[in-house]
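A.B. asks: Got a predicted structure here, sequence first:
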Amino acid sequence: MIDLYYLSGSPYAWRVLLALEHKKLQYKRIDLSFENGDFKSESYLALNPRGKVPVLVDEGVTLYESPAILEYLEDKYRDSGNNLLPKEVGERAISRRIINEIDVYLDPASRRLLMATFFTPKEKWNEEKISKAVESLIRELKYFDDYFERSVANGTLSSVEFSMFPIIALVLRLEKLKSDLGFSQEMSHALRQWLSALEGLKLFQTTRPPHWK
């Protein structure tokens, strides 16, 4: 049985949860809590000395960092469920490149917005800083428009979608906290279509963090 150490709402943990479901693998989800001090416990730090999620434990293999976990699941369980990456070598390399772009460029842009809003007391919000963070994120997302269009046209569902979707979903959730954030209004047509296609799939509905009501 695979153990997944999970934090509800973490886009990185959600990424792995989506992959496990897509691969139709049996797993046990172990929910962690900041409030209970789970991330600082000796037992958890023995699994991941950085004290972050996700962590996957499978038959003596312990892995953290979600991109490595998805690669592991694809390689070890190649014949189970659905593929996480294309079979053709060139397409596979392009998918890996896009995932790297998500982690290196898009994710930091989204975290700047999160830090300026979700992790800052409302009375200390800096509207100019927030506006610039939204602009930066929208600008970064435009680099992916070609992929969004191909994904919708081909019905693609892979590690790229699982890496991207949780980040966008978390940013959209911010609009419940700050209704004038303006992010959804600035999304490109390609992104809107891609997001709409995925939101309608059962996989994304059933794995959505339960506290995101």
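C.D. replies: Okay, I see it.

A.B. asks: mind listing the helices in the chain by residue range?
C.D. replies: 11-22, 42-47, 66-76, 89-101, 107-116, 127-141, 145-154, 159-177, 183-186, 189-199, 202-206 (DSSP state H).

A.B. asks: Only C-alpha atoms, please: export the fourth one in CSV.
C.D. replies: Taking Å, rounded to 0.1, in the frame of the first residue of the first chain, the C-alpha atoms of helix 89-101 are listed here in CSV:
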residue,chain,number,x,y,z
VAL,A,89,10.0,10.6,-26.5
GLY,A,90,9.8,14.1,-28.0
GLU,A,91,6.3,14.8,-26.5
ARG,A,92,7.5,13.4,-23.2
ALA,A,93,10.4,15.8,-23.1
ILE,A,94,8.1,18.7,-23.9
SER,A,95,5.8,17.8,-21.1
ARG,A,96,8.8,17.7,-18.7
ARG,A,97,9.9,21.1,-19.9
ILE,A,98,6.4,22.5,-19.3
ILE,A,99,6.3,21.1,-15.8
ASN,A,100,9.7,22.6,-15.1
GLU,A,101,8.4,26.0,-16.4
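
A.B. asks: Which one, of the helices of the chain, ends up nearest to residue 57?
C.D. replies: helix 42-47 (7.0 Å; CB to CB). C-betas here are computed from N, CA, C, even on glycine.

A.B. asks: ok, back up a step: mean neighbour count, the helices of the chain: which tops it?
C.D. replies: helix 11-22 (a mean of 24; mean count of other CB atoms under 10 Å).

A.B. asks: Contacts for it, please.
C.D. replies: 2, 4-7, 27, 29, 52-54, 56, 66, 69-70, 73, 81-82, 84, 107, 157, 159, 161-163, 165-167, 169-170, 203-204, 206-207, 209 (CB atoms under 8 Å, 6 or more residues apart in numbering).

A.B. asks: Export the helices of the chain to CSV and append columns for distance to residue 35.
C.D. replies: Formatted as CSV, these follow (distance: least, CB to CB, whole Å):
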stretch, distance to residue 35
helix 11-22, 17
helix 42-47, 14
helix 66-76, 23
helix 89-101, 31
helix 107-116, 19
helix 127-141, 27
helix 145-154, 37
helix 159-177, 20
helix 183-186, 28
helix 189-199, 30
helix 202-206, 25
